[in-house]
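> here is a sequence together with a model predicted from it:
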Amino acid sequence: MEAPRLRLRLPFLLLVALVVSPPANGWPPVAAAARRMRIEPLPTAALRRLYDTSNYGKLQLNNGLALTPQMGWNSWNFFACNINEAVIRDTADALVSTGLADLGYNYVNIDDCWSNVKRGKGDQLLPDPKTFPSGIKALADYVHGKGLKLGIYSDAGIFTCQVRPGSLYHEKDDAAIFASWGVDYLKYDNCYNLGIKPKDRYPPMRDALNSTGRQIFYSLCEWGQDDPALWAGKVGNSWRTTDDIQDTWKSMTDIADKNNKWASYAGPGGWNDPDMLEVGNGGMTFAEYRAHFSIWSLMKASTHWAPLLIGCDVRNMTKETMEILSNKEVIQVNQDPLGVQGRRILGQGKNGCQEVWAGPLSGNRLAVALWNRCAESANITVKLPSVGLDGSSPYSVRDLWKHETLSENVVGTFGAQVDVHDCKMYIFTPAVTVASS
Ligand SMILES: OC[C@H]1O[C@H](OC[C@H]2O[C@H](O[C@]3(CO)O[C@H](CO)[C@@H](O)[C@@H]3O)[C@H](O)[C@@H](O)[C@@H]2O)[C@H](O)[C@@H](O)[C@H]1O
């Protein structure tokens, strides 16, 4: 009688063993998702030449997360250190009540300044008792109760940038406490790093997070210092490619250009992070914010959600801010399952400031953005083969900001008048099936 009983128990015992001690390179339920982390070959040679994805594929972390770029909110751009548990709870409420959560903005990420300036007994990280008196576990429970996820922040150095305890040399303990609190996301910063190379400081936290057995999105924030696109795909789900964004046209455009350089390294499982959105914070015009959102979406920004991570006070948004952040058609470009980062294809006019950005989407579609970075209004025209489309086939063209299909029969060229610093965004769909070549 012993043998059949053992046979029955064996699968159960195996399951327990896996749960207690997950394999170093991932977590069992994740295997199926990890297998899907592969960019499908693009359907035509023209697309493959323009939208190189050859650097992506060998680099994945395979923790089953980030099949599309992360979306959510982060406290830093608007609140900096002026955060407390009420702000986080109210923001979670606002994400739900505005409908942004339903559109996919599901991470509520607490940035720097949540922790006490000193560790507690046994060197344990503690929340600041004045601003987070109920503790992070209670906050995670609250956020989870709303159907959202909670993110937290630490630093791959001995202090955070605002001089709270860092996690360097405390990786295992800190990852374990984050997991025990129910944290779903870690942004890991780069201050007070003792001059140790990021390639040596970031993997230990990956391993520590993996060994908790909880799926935790791992967002590297080493400011692009050591060209993380070249190595961070094996380490994290996203990596900052630049210094901090400022709420200005100059900063936003500089960052778009720097992030663009690394397009071929992004894909399902690991994304370039051009930093969080400034939409709604007041430093740019409506047209500039619309361009910011369009280009971040096209670049598959995983800013920590460039990902698309909202960085304004969602409790007090204007109608215009909401109109931008809630554009479902633009969000769908960011979240498209093909997962190929769009990029700058050409610049025309004086100084090349009439720009065309584009990126392949699933279903043989192409997202195209006409971005006027010049100081006056411009008519931006694009020859379809220059963005990888067939010059003699008809395309249906959908305007993602007007929410209307402009034509079912665009052939050869397409153009539009674009206001100063504004951006128009379209999806081109073949009116007839494209043959692979
Ligand atoms: O503390 C939370 C933030 O930590 C990081 O930002 C650190 C500082 O970044 C800027 O400073 C500089 C210069 O502008 O930018 C580099 C990092 O991007 C850093 O070497 C420089 O000091 C900001 O000006 C400053 O206010 C920040 O504290 C992180 O990148 C942010 O997203 C926050 O998490």
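Alright, I've got the coordinates.

> quick one, what contacts residue 290?
Taking Cβ atoms under 8 Å, 6 or more residues apart in numbering as the definition of contact, the neighbours of residue 290 are 324, 401, 422, 423. The C-beta positions use only the backbone N, C-alpha and C, and glycine is treated the same way.

> could you say which helix or strand holds the first one?
Element membership of residue 324 [criterion: DSSP states H and E] is helix 319-325.

> tell me the average confidence for the next helix or strand after that helix?
Taking DSSP H and E as the definition, the helix or strand that follows helix 319-325 towards the C-terminus is helix 328-334. The predicted model gives helix 328-334 an average pLDDT of 95.

> just to revisit the earlier point, what comes into contact with the helix holding residue 324?
When contacts are taken as Cβ under 8 Å, 6+ apart, the neighbours of helix 319-325 outside the stretch itself are 98, 100, 105, 277, 279-280, 286, 289-290, 293, 310, 312, 317.

> ranking by neighbours, what's the top pick from those?
Neighbours here mean other Cβ atoms under 10 Å. Within the contacts of helix 319-325, the largest count is held by residue 277, at 31 neighbours.

> quick one, grab the pLDDT at it.
Predicted confidence (pLDDT) at residue 277: the value is 95.

> for the protein, which spans come out with low pLDDT?
Within the chain, the stretches falling below the threshold (pLDDT under 70) are 1-38, 57-62, 301-307, 433-437.

> spell out which parts of the chain neighbour the ligand.
76, 111, 112, 160, 161, 162, 189, 221, 223, 243, 244 (Cβ under 6 Å from any ligand atom).

> with distance to residue 414, neighbour count and secondary structure as extra columns, can I get these in a markdown table?
Formatted as a markdown table, these follow (distance: Cβ to Cβ, whole Å; neighbours: other Cβ atoms under 10 Å; DSSP: H, G, I helix; E, B strand; the rest coil):
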| residue | distance to residue 414 | neighbour count | secondary structure |
| --- | --- | --- | --- |
| 76 | 39 | 24 | helix |
| 111 | 41 | 25 | coil |
| 112 | 45 | 21 | coil |
| 160 | 48 | 23 | coil |
| 161 | 45 | 19 | coil |
| 162 | 48 | 18 | coil |
| 189 | 43 | 25 | strand |
| 221 | 38 | 27 | coil |
| 223 | 37 | 18 | coil |
| 243 | 35 | 14 | coil |
| 244 | 36 | 14 | coil |
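
> for residue 202, phi and psi?
Note on residue 202: backbone dihedrals following degrees, to the nearest 10 are phi -90, psi -40.

> likewise residue 272?
The phi and psi torsions at residue 272 (degrees, to the nearest 10) take the values phi -70, psi 140.

> surely it touches residue 238?
Yes: the pair residue 272 and residue 238 qualifies as a contact (Cβ atoms under 8 Å) at a distance of 7.3 Å.

> list the buried residues of the helix holding residue 324.
Of the residues in helix 319-325, those buried by neighbour count under the rule 16 or more other Cβ atoms under 10 Å are 321, 322, 324, 325.

> how about stretch 92-102?
Those would be 92, 93, 94, 95, 98, 100, 101, for stretch 92-102 by 16+ other Cβ under 10 Å.

> follow-up on the earlier one: max pairwise distance over the contacts of residue 290: which two?
Pairwise distances among the contacts of residue 290 were taken by Cβ to Cβ; the largest, 11.9 Å, belongs to 324 and 422.

> skipping its backbone neighbours, what lies nearest the residue in the stretch 1-150 of the chain positioned nearest to the ligand in space?
Residue nearest to the ligand within the stretch 1-150 of the chain (Cβ to the nearest ligand atom): residue 112, separated by 3.5 Å. If the residues on either side of it in the chain are set aside, residue 112 comes closest to residue 162, at 4.6 Å by Cβ to Cβ, 6 or more residues apart in numbering.

> can you check residue 232 too?
The shortest distance from residue 232 to any non-neighbouring residue, by Cβ to Cβ, 6+ apart, is to residue 239 (3.8 Å).

> now swap in residue 289 and tell me
Nearest residue to residue 289, sequence neighbours excluded (Cβ to Cβ, 6+ apart): residue 279, at 4.6 Å.

> pull the contacting residues for that neighbour.
By Cβ under 8 Å, 6+ apart, the contact set of residue 279 is 289, 292, 293, 310, 311, 312, 321, 324, 325.

> how about the strands of the stretch 301-437 of the chain, start to end?
Secondary structure of the stretch 301-437 of the chain (DSSP state E, counting those that start in this stretch): strands at 308-310, 343-348, 354-361, 365-372, 378-383, 395-399, 404-410, 413-418, 423-430.

> tell me which residue of the stretch 151-300 of the chain lies closest to the ligand.
Of all residues in the stretch 151-300 of the chain, the one sitting closest to the ligand is residue 161 (3.2 Å; Cβ to the nearest ligand atom).

> that residue contacts residue 112, doesn't it?
Yes: counting by Cβ under 8 Å, residue 161 sits close enough to residue 112 to count as a contact (5.8 Å).

> what about the nearest residue to residue 382 once chain neighbours are set aside, neighbour count?
Counting by Cβ to Cβ, 6+ apart, the nearest residue to residue 382 once its immediate chain neighbours are dropped is residue 356, at 5.0 Å. Here the number of neighbours of residue 356 (other Cβ under 10 Å) works out to 20.

> for residue 356, what are its contacts?
Residue 356 makes contact with 344-348, 368-371, 380, 382, 386-387 under the criterion Cβ under 8 Å, 6+ apart.

> likewise for residue 247?
Shown here is residue 247, whose contacts under the criterion Cβ under 8 Å, 6+ apart are 77, 278, 281, 282, 283, 284.

> adding neighbour count and secondary structure, write the residues you listed out as a markdown table.
Compiled in a markdown table, the contacts of residue 247 are given as follows (neighbours: other Cβ atoms under 10 Å; DSSP: H, G, I helix; E, B strand; the rest coil):
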| residue | neighbour count | secondary structure |
| --- | --- | --- |
| 77 | 25 | helix |
| 278 | 25 | coil |
| 281 | 16 | coil |
| 282 | 11 | coil |
| 283 | 13 | coil |
| 284 | 20 | coil |
